[in-house]
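Novice: My questions are about this predicted structure, shown below with the sequence.
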Amino acid sequence: MLKTLYTKYKPFYQQNLALAVPIMISQLGHTAVQLADSAIVGHFTDTTQLAAVSLVNSLFILVLVVGIGISYGLTPLIAQENGRKNYAECGKLLSSSLIVNLGMGLFLFLALHFGILNLIDHIGQSPEVVKYAKPYLSYLSISVIPLMIFLTFKQFAEGLGFTKQAMVITILGNIINIILGIIFVKGMFGIAPMGVRGVGLSTLIDRILMALSMGLYVYLAKNFKIYLENFKLTFNKVRTLKILKIGAPVALQYTFELSAFSGAGIIIGTIGAVQQAAHLTALNLASTTYMIAGGIASAATIKTGNNFGEKSFKNLRLSAVASYHLVIVFMSLMALLFVLGCNFLPYIFTSEAAVVQIAVQLIIIAGFFQLFDGTQVVGLGVLRGIGDVNIPTLITFISYWVVGIPIGYVLGIKMGLGANGIWYGLTFGLLTSSVLLFLRFQNRSKQLIKDESKA
């Protein structure tokens, strides 16, 4: 049976993996920045500064995912137009997306710098943690603008199937971020030790360099000449609305999910700094596997968009199912790694015994929700490829904020299970999202094939 299944889907596995692997590494780059910041601060400073990183990341990601979601509105549109061989429209969409994302980057900077930077004084966190958090967040807020420029060109290239260059730029950028982070935090080569502020500065420099590199690649590479013939940086209302009609719901999808994890971090922060640092440690690991699964989901968006544009609905369904198979295999392996390696993985980020003890328990819980996390993000990616974003957005809201967070609060705070109880709630949220999105995919894909047969 497995051999027959493999033979049936083999071409789709190969196509999807060819796209997905570079995107996985590129997606991992977003998490790698936080991983590097956490590891550097955890090993070269103290628990209070590590808790400050946890607090900032919990808040910063709430804003960042809005920008990432808006930028993702370009990818399915580019994939669909490329499937129709409408190359001129691809260049025009890039122009509109760049204007949208620049505007969004500026808006998010203002929201972070003048909103959240003041908000953290009033959410019940330790004053010492807040003192270290503010300068770190200040640097990250500025870095949003170059990040949005990078994402614009990245999503354009990936929508056309060119996924390797963003991967290379992301890898090099993260190497630079780690090197500069260690230099700034420790204080090397005549630079005074900067503590947690140092990783904020290194992240800003990294994102500026990545934006310049990705923009130059798209502008100069021969592969894109045919698409850029009609590229002019001018505002177009129709294309802007097309991007926002997909990007805004996608931004909400990411916001509902990741804000649930950030909200969980804030709730855990009211318990204590040690629990908050443990939450960050486990969340960094779960975020890593999520981003890799997100690479499979992004590849699914591209292939689904291409097939949708070509009106090849049977291949659309086969390709999507192949993406589900791939993410199930990968996340099963990650679940096994989390459960078997739970006693060793926390030491990547910290050697504080109290933090490690709690983190071990959270990593085991994360191991159990790996399958749900992977399948729900692929479901979102497939549905995005056909432009189905509104109902999935509602599903994510219900899953995390009607199911996940309330259950987590009751178990963790009211019933006294602490951080573990809050993570049990998150697991229920992921399970709900995974099941509902799969049912939505089943319905939509079968309906497309049925409509094609009638036509």
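Specialist: Now that the structure is in, tell me what you want to look at.

Novice: So residue 191 sits against residue 184, correct?
Specialist: Yes - when contacts are counted by C-beta atoms under 8 Å, residue 191 is listed as touching residue 184 (6.4 Å). The C-beta positions use only the backbone N, C-alpha and C, and glycine is treated the same way.

Novice: got any ranges where the stretch 101-250 of the chain has weak pLDDT?
Specialist: For the stretch 101-250 of the chain, applying pLDDT under 70 flags the ranges 117, 121-126, 193.

Novice: Helices along that one, start to end?
Specialist: Ranges of helices within the stretch 101-250 of the chain are 117-119, 127-159, 164-186, 196-220, 225-228, 237-269, based on DSSP state H, counting those that start in this stretch.

Novice: how about those, which one is nearest residue 356?
Specialist: helix 237-269 (15.8 Å; C-beta to C-beta).

Novice: Measure how that closest one sits relative to helix 127-159, angle-wise.
Specialist: With axes from the mean of the first three to the mean of the last three C-alpha atoms, to 10 degrees as the basis, helix 237-269 and helix 127-159 are set at 150 degrees to each other.

Novice: Quick check: what element follows helix 237-269 along the chain?
Specialist: helix 273-310 (DSSP states H and E).

Novice: That next one versus helix 127-159: what angle between them?
Specialist: If you take the same axes, to 10 degrees, helix 273-310 sits at 20 degrees to helix 127-159.

Novice: can I get the helices of the stretch 101-250 of the chain in CSV with distance to residue 292?
Specialist: As requested, the helices of the stretch 101-250 of the chain are exported to CSV (distance: least, C-beta to C-beta, whole Å):
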stretch, distance to residue 292
helix 117-119, 31
helix 127-159, 15
helix 164-186, 12
helix 196-220, 19
helix 225-228, 28
helix 237-269, 16
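
Novice: just these: most buried one?
Specialist: Of all those, helix 127-159 has the most neighbours on average by mean count of other C-beta atoms under 10 Å, namely a mean of 23.

Novice: quick one, that one and helix 196-220 angle?
Specialist: Going by the same axes, to 10 degrees, helix 127-159 is angled at 10 degrees with respect to helix 196-220.

Novice: Now do helix 127-159: which elements does it pack against?
Specialist: When contacts are defined as 3 or more C-beta pairs under 8 Å, 6 or more residues apart in numbering; DSSP states H and E, helix 127-159 packs onto helix 2-44, helix 47-72, helix 74-83, helix 87-111, helix 117-119, helix 164-186, helix 196-220, helix 273-310.

Novice: how about JSON lines for those, with distance to residue 337 added?
Specialist: Formatted as JSON lines, the helices and strands packed on helix 127-159 follow (distance: least, C-beta to C-beta, whole Å):
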{"stretch": "helix 2-44", "distance to residue 337": "15"}
{"stretch": "helix 47-72", "distance to residue 337": "22"}
{"stretch": "helix 74-83", "distance to residue 337": "29"}
{"stretch": "helix 87-111", "distance to residue 337": "34"}
{"stretch": "helix 117-119", "distance to residue 337": "36"}
{"stretch": "helix 164-186", "distance to residue 337": "21"}
{"stretch": "helix 196-220", "distance to residue 337": "26"}
{"stretch": "helix 273-310", "distance to residue 337": "9"}
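
Novice: I'd like to know which of the ones you listed is closest to residue 133.
Specialist: Closest to residue 133 of these, according to C-beta to C-beta: helix 47-72, at 4.2 Å.

Novice: residues of that closest one that come out buried?
Specialist: 47, 49-72 (16 or more other C-beta atoms under 10 Å).

Novice: Now do the closest residue to residue 357 other than its chain neighbours, the pLDDT please.
Specialist: The shortest distance from residue 357 to any non-neighbouring residue, by C-beta to C-beta, 6 or more residues apart in numbering, is to residue 278 (7.8 Å). Per-residue confidence (pLDDT) for residue 278: 83.

Novice: Would you mind confirming that residue 278 makes contact with residue 418?
Specialist: No - with contacts counted by C-beta under 8 Å, residue 278 stays clear of residue 418, the gap being 9.8 Å.

Novice: And the two? Which one has more around it.
Specialist: Legend: neighbour count by other C-beta atoms under 10 Å for residue 278 and residue 418, higher for residue 278 (31 against 18).

Novice: OK, contacts around that one?
Specialist: Contact analysis of residue 278 by C-beta atoms under 8 Å, 6 or more residues apart in numbering lists 346, 355, 356, 357, 358, 359, 362, 419.

Novice: Could you count how many residues lie near the fifth one?
Specialist: As a burial measure, the neighbour count of residue 358 was computed by other C-beta under 10 Å and equals 24.

Novice: Against residue 154, how distant is residue 272?
Specialist: Separation of residue 272 from residue 154 (C-beta to C-beta, to the nearest Å) stands at 39 Å.

Novice: same thing with residue 403?
Specialist: In this view, residue 403 and residue 154 are 33 Å apart by C-beta to C-beta.

Novice: do residue 134 as well
Specialist: For residue 134, the distance to residue 154 - C-beta to C-beta - is 30 Å.

Novice: for residue 160, same thing?
Specialist: Plainly put, residue 160 is 11 Å away from residue 154 if you go by C-beta to C-beta.

Novice: Residue 280 now?
Specialist: Separation of residue 280 from residue 154 (C-beta to C-beta) stands at 26 Å.

Novice: Residue 191 too?
Specialist: Taking C-beta to C-beta, one finds residue 191 at 31 Å from residue 154.

Novice: which residues sit in contact with the residue lying closest to residue 65 once chain neighbours are set aside?
Specialist: In this structure, residue 65 finds its nearest non-sequential neighbour in residue 254, 3.8 Å apart by C-beta to C-beta, 6+ apart. By C-beta under 8 Å, 6+ apart, residue 254 lies in contact with 65, 66, 68, 69.

Novice: Check residue 446 too.
Specialist: So residue 446 contacts residue 317 (C-beta under 8 Å, 6+ apart).

Novice: average pLDDT for whatever helix or strand it lives in?
Specialist: Using DSSP H and E, residue 446 maps to helix 418-454. Helix 418-454 carries an average pLDDT of 88.

Novice: what does stretch 254-272 give?
Specialist: pLDDT averaged over stretch 254-272 gives 81.

Novice: Then stretch 55-67?
Specialist: 77.

Novice: can you give me how far that stretch is from the chain middle?
Specialist: Put simply, stretch 55-67 sits 11 Å off its chain's centre (C-alpha atoms, centre = their mean, to the nearest Å).
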